[in-house]
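1. Take a look and give me a structure for this.
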Amino acid sequence: MAKEPKIDLSIYLAKGGMANPDENVKNAGTLKKSTLDLGQNCLATLYVRQQTSNAPKWVTFFQDFVDASVFGRNSSTGALLSIPWQQRTFLISFGQGWHNIDSAKIETEFGLRAALNILDPTSIRSIDKSTLEAQPTQLREQSGRATEVQYFGIDVERDLLRAVTGKPTEEYFGSRVSGLDSIHLSLEIDPMDLPDLLGRLLVAYRSDGYKNGPFSWIDHIGQIRDPELIEDLDDQLIDSINRREVDKIWMSVPEIIDWNRVVGFRYSMGRREPRVYDVRVLDFLETFKDRKVTQEKLMQRKIYCVDADDNPVLDRPAYYYLYAEVERNNEVCLLNNGKWYQVERRYADIINKKFDAITRYDRQLPSYDDESEGAYNSRVSNDDPAQYVLMDRDLAYVPGSASGVEVCDLYRNEREFIHVKRYGGSSVLSHLFNQGLVSGELFRMDAEYRSIVNDKLPDDRKIDDPEKSPLAGEYRVVYAVISESSDPLSVPFFSKISLKNCISRLEAMGFTAMLAKISVEEKRKVLKAYAAAPDKI
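-> You can find the predicted model right below:
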């Protein structure tokens, strides 16, 4: 018996049950429809796009030299097969047919989860991942041969798995499987066998089997991409804001900025609007005259980081300044830098417990009443030179390093490297934590770096022997966060992950790593600066 021809299938799972198939298809009324009887009481609907023929766009480049007809025309066609099966609806695209799928109606991780349960975890050929950073990176890594996921350099606490390609454990699914929103298979199959294939894929999608292997971590954190779920979370957020229930809603700067230049924030650049020391949810809400907030308004209204001359250093929609926590179905949903993430309750509890267990600094650092971080560091070192050495912006340049390394902001004579940062969003604080880690690693491992640091210290604070690595516990790294909150210091969830990792690595190298809070003077918290009235002529 002749084999069936091998065909590439891109299979999507629609949300909900077996509704009118047109509901999942864009421009369904413009497509040619046919009914296919696949047996087993399964009637599928085939949607075919009208074939179009167009000249390539780049033809105009040669229009002064040759007639466009010499290049011929590109034709485009596509089809979409909607199959109701086992109380769900599947969509299989062919050619350009995927353009007609309504993405809002698709289960966004169907392909990834099904693929994880049918592939051999030792046969990974490619992964797509994104990172939890201020400027998220999208990265695809490919292996020259099938291998295990551990060789792809994934940070299980900071990376989100977006797609995976590998070899199925069963020949039934073909020789290769890829999964993201859809699942891609290349196999020999007859259309009449599609219901059986879809049934097995549905079983794979519903299975938790992948949680018992090397992919057990992928459910810890996931970026939410379901438009309906995002809309629902935004509605919950806006409802809480309008009821002024903001105990789990904060505002912080979403990007890394030069705090030595930024002196405050403005909720409007109108001349009569004041400059405030920091962004606060309730203060910002007072600027809404009708007290009614919508998601659209949060995207339209910008918050400005300004310098001493009230020139904007950063302007981003207010929505991106929000950090919020919403509980949903025993999971924690986080809004961070304009994106929603879903965190397993168990994993969130683990991270919060580890954050609470971090050693707190055993001294009270001087409170903050300054225009900038740089001004604070300078004042502290000038007021108490017997204890503190100013190291802020005094970079150490190590041969082979791509850029200068900030040793610390303040060096205390008890062999403490103190890194100071105003409270901010995840990316801001993660930058602080990694700064301390980089400096600590170099100080522990590189004698030349220790010598450079030694040259920056006054004579009475010199390192005894820069050539020798420091002993365990001999030096301390202190992360000091300037916070105006009267509560014990807390940080955004993703910053807790970053801090936990940095402290673990510092402690493994023999440092004592600690977290400190720098309080803000009350008069600084309420300070508002108004632009001077124009001179009268």
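
2. where along the stretch 1-150 of the chain do the helices fall?
-> Chain-ordered helices for the stretch 1-150 of the chain, with DSSP state H, counting those that start in this stretch as the definition, fall at 110-118.

3. Can you pull out the low-pLDDT segments for this structure?
-> Under the criterion pLDDT under 70, the flagged ranges of the chain are 1-4, 74-75, 131-138, 144, 146, 151, 153, 156-158, 400-402, 530-537.

4. Break it into its domains for me.
-> Following automatic domain parsing, the chain resolves into domains at 6-214, 227-342, 373-523.

5. Adding mean neighbour count, write the ones you listed out as JSON lines.
-> In this view, the C-beta of every residue, glycine as well, is placed from N, C-alpha and C. What follows is these, written out as JSON lines (neighbours: other C-beta atoms under 10 Å):
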{"stretch": "domain 6-214", "mean neighbour count": "17"}
{"stretch": "domain 227-342", "mean neighbour count": "16"}
{"stretch": "domain 373-523", "mean neighbour count": "18"}
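
6. got a markdown table for those domains, with distance to residue 364 too?
-> Listed next are the domains of the chain as a markdown table, based on distance: least, C-beta to C-beta, whole Å:
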| stretch | distance to residue 364 |
| --- | --- |
| domain 6-214 | 31 |
| domain 227-342 | 21 |
| domain 373-523 | 9 |
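
7. residue ranges for the helices of this protein, please.
-> Across the chain, reading from the start of the chain, the helices by DSSP state H fall at 110-118, 194-206, 227-242, 281-285, 295-300, 318-321, 345-356, 373-383, 426-445, 447-456, 493-508, 522-525.

8. okay, these in CSV with distance to residue 327 next?
-> What follows is these, written out as CSV (distance: least, C-beta to C-beta, whole Å):
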stretch, distance to residue 327
helix 110-118, 23
helix 194-206, 24
helix 227-242, 10
helix 281-285, 18
helix 295-300, 20
helix 318-321, 20
helix 345-356, 8
helix 373-383, 34
helix 426-445, 19
helix 447-456, 45
helix 493-508, 13
helix 522-525, 30
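
9. Between those, which one is closest to residue 56.
-> Ranking the helices of the chain by their distance to residue 56 (criterion: C-beta to C-beta) puts helix 110-118 first, at 31.3 Å.

10. what packs against that closest one?
-> Packed against helix 110-118, as judged by 3 or more C-beta pairs under 8 Å, 6 or more residues apart in numbering; DSSP states H and E, are the following elements: strand 6-13, strand 159-166, strand 177-179, strand 183-188, helix 194-206.

11. again, 7 Å this time
-> Using 3 or more C-beta pairs under 7 Å, 6 or more residues apart in numbering; DSSP states H and E as the contact criterion, the neighbours of helix 110-118 among helices and strands are strand 159-166, strand 177-179, strand 183-188, helix 194-206.

12. mind checking which of those is nearest residue 125?
-> Between residue 125 and the helices and strands packed on helix 110-118, the shortest gap by C-beta to C-beta is with strand 159-166, which sits at 4.9 Å.

13. coming back round to it: any chance of the helices and strands packed on helix 110-118 in CSV, plus distance to residue 512?
-> Compiled in CSV, the helices and strands packed on helix 110-118 are given as follows (distance: least, C-beta to C-beta, whole Å):
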stretch, distance to residue 512
strand 159-166, 29
strand 177-179, 45
strand 183-188, 49
helix 194-206, 48
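
14. between those, which one is nearest to residue 249?
-> Taking these one by one with C-beta to C-beta, strand 159-166 is closest: 23.5 Å.

15. on that earlier part again, nearest to residue 351, out of the domains of the chain?
-> For the domains of the chain, the distance to residue 351 is smallest for domain 373-523, at 5.3 Å, taking C-beta to C-beta.

16. Could you tell me the end-to-end distance of that closest one?
-> For domain 373-523, the first-to-last residue distance is 17 Å (C-alpha to C-alpha, to the nearest Å).

17. What of stretch 187-198?
-> Taking C-alpha to C-alpha as the measure, stretch 187-198 stretches 13 Å from start to finish.

18. what's next to it, contact-wise?
-> Around stretch 187-198, the neighbours that count as contacts under C-beta atoms under 7 Å, 6 or more residues apart in numbering are 3-7, 36, 38-40, 42, 83, 85, 90, 173-174.

19. can you tell me which of those are in strands?
-> Cross-referencing these with the strands (criterion: DSSP state E) gives 6, 7, 36, 83, 85, 90 as the overlap.

20. Looking at these, which is nearest residue 113?
-> Proximity of the ones in strands among the contacts of stretch 187-198 to residue 113, judged by C-beta to C-beta, is greatest for residue 90, which lies at 14.7 Å.

21. Quickly list what the closest one is bridged to.
-> On the basis of DSSP bridges, residue 90 takes part in beta bridges with residue 13, residue 83.

22. how close does it sit to residue 248?
-> 39 Å (C-beta to C-beta, to the nearest Å).

23. before we move on, the earlier item: and which of the contacts of stretch 187-198 is nearest to residue 528?
-> The shortest gap between residue 528 and any of the contacts of stretch 187-198 belongs to residue 90, at 58.7 Å (C-beta to C-beta).

24. so who does the closest one touch?
-> Contact analysis of residue 90 by C-beta under 7 Å, 6+ apart lists 11, 12, 13, 83, 198.

25. what do you get for residue 214?
-> Taking C-beta under 7 Å, 6+ apart as the contact definition, residue 214 lies against 121, 148, 149, 150.

26. so how far is residue 340 from residue 331?
-> Summarising the geometry, the distance separating residue 331 from residue 340, computed by C-beta to C-beta, is 12 Å.

27. Neighbouring strands of the longest strand belonging to the chain in the sheet, and parallel or not?
-> Here the longest strand in the chain is taken by residue count, with DSSP E as the criterion, and it is strand 138-147. Each strand paired with strand 138-147, and its direction, by DSSP bridges: strand 124-131 (antiparallel).
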